[in-house]
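# build me a structure from this.
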Amino acid sequence: MTDFFEQIGYLETFISLAVFGWAIISPILLWRSKRRQHKFTQVKFPTDKRDFYAYFRKCIDKAKSEIVITGDGFNLRNAESLKNAAPIESAIERALGRGITVHRYQIVSTMTVNYLMRLERIKRAYPDQFFVYINSSFENIGMFCVIDAGTRKTVFEQQMVSGPMLARGTEPHDFAFVLGHQAKSNRGRRLIESIRNDDLTTCLGADDFEALRQKLWNERKSLALGPTHYAPIDPELVTCLSSSDKNCDYRPELFSSLANLEIVDAEHDGGA
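Here you go, the predicted structure:
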């Protein structure tokens, strides 16, 4: 019986020491965890646009669960813009093909209308993974991307862009990637969540893009024909205004040739 009580005593002592040890260690572990969220493993500053798009492609190709992105997209009628689009757009499609979820806040004010054809095509291909949100109240949000928020290998990409140019839209002028900074990535993701939950936000379905194209076309045509100075960023509208048909009424066939446009990343695929 004495041995039994001695063993009980040893067990109580062991439990007490374990509780005491955990009381000391747990705050340290919590502090390290929080501290890690505010650290970054690397900051990458691409040397030029070619380097930027190539590195962005690598980051997207390494995504494991979720991509959150804001931006105004590309001009599908401009050869240089399409060349820039290839690494990003093809990487996004590969990510969707791997089952990754993509949430996109679309900046509309500096977007060329033809880019909606691209978004519609992807939405129809991946209706349950690809989500596009619009809300005019957040147009000044800036352009950034968060890959795998909340993980130690998260990526936060940010860029500064030019002002909108005639028949072209915007172009990136400066860019940076912050790797492993969980707190920064989490803030970016929470910002997009706040937009998604806003009462004025619209999550576009595949059948909503045509109405949006027509709405934007009519608004921009009115601005171009109005008394104020407005330089249209849409090449289709510029072409129309330069022709004899000054009405320039919206017609779906203005964009129909882009419905099945495939953006191929030649470098990734081993081409020229």
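# when you work out contacts or count neighbours from here on, use the C-alpha atoms and nothing else.
Will do.
# so which residue is dead centre in this protein?
I69 (1.3 Å; C-alpha atoms, centre = their mean).
# list the beta-bridge partners for that residue.
On the basis of DSSP bridges, I69 is bridged to R104, C145.
# let's have the chain start at 5 instead
Sounds good: first residue 5 from here, last item I73.
# kindly check the end-to-end length of stretch 66-78 for me.
Using C-alpha to C-alpha, to the nearest Å, the gap from the first to the last residue of stretch 66-78 comes to 23 Å.
# list the buried residues of that stretch.
Buried residues in stretch 66-78, defined by neighbour count with 16 or more other C-alpha atoms under 10 Å: 67-78.
# in a markdown table, list those residues along with distance to R61.
Shown next, in a markdown table, are the buried residues of stretch 66-78 (distance: C-alpha to C-alpha, whole Å):
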| residue | distance to R61 |
| --- | --- |
| A67 | 10 |
| K68 | 14 |
| S69 | 16 |
| E70 | 15 |
| I71 | 12 |
| V72 | 14 |
| I73 | 13 |
| T74 | 16 |
| G75 | 16 |
| D76 | 17 |
| G77 | 15 |
| F78 | 15 |
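# I'd like to know which of those residues is nearest to T114.
D76 (6.1 Å; C-alpha to C-alpha).
# show me the helices in the protein, by range?
For the chain, the helices defined by DSSP state H occupy 6-41, 53-65, 83-101, 119-129, 186-200, 213-229, 239-246.
# hmm, V117 is touching K219, no?
No: here V117 does not reach K219: they are 9.8 Å apart, not a contact under C-alpha atoms under 8 Å.
# more crowded one of the two?
Per other C-alpha atoms under 10 Å, whichever of V117 and K219 has more neighbours is V117, with 29 against 14.
# how close does that one get to D65?
Distance of V117 to D65, given as C-alpha to C-alpha: 27 Å.
# and L262, by the same measure?
Between L262 and D65 the computed distance is 25 Å (C-alpha to C-alpha).
# related to what we said a few turns ago, least reliable of the helices of the chain going by mean pLDDT?
Mean pLDDT across the helices of the chain is lowest at helix 6-41; the value there is a mean of 55.
# next one: F160 from G146, what distance?
F160 is 13 Å from G146, by C-alpha to C-alpha.
# and those two? Which one has more around it.
With neighbours defined as other C-alpha under 10 Å, F160 and G146 compare such that F160 has more, 27 against 14.
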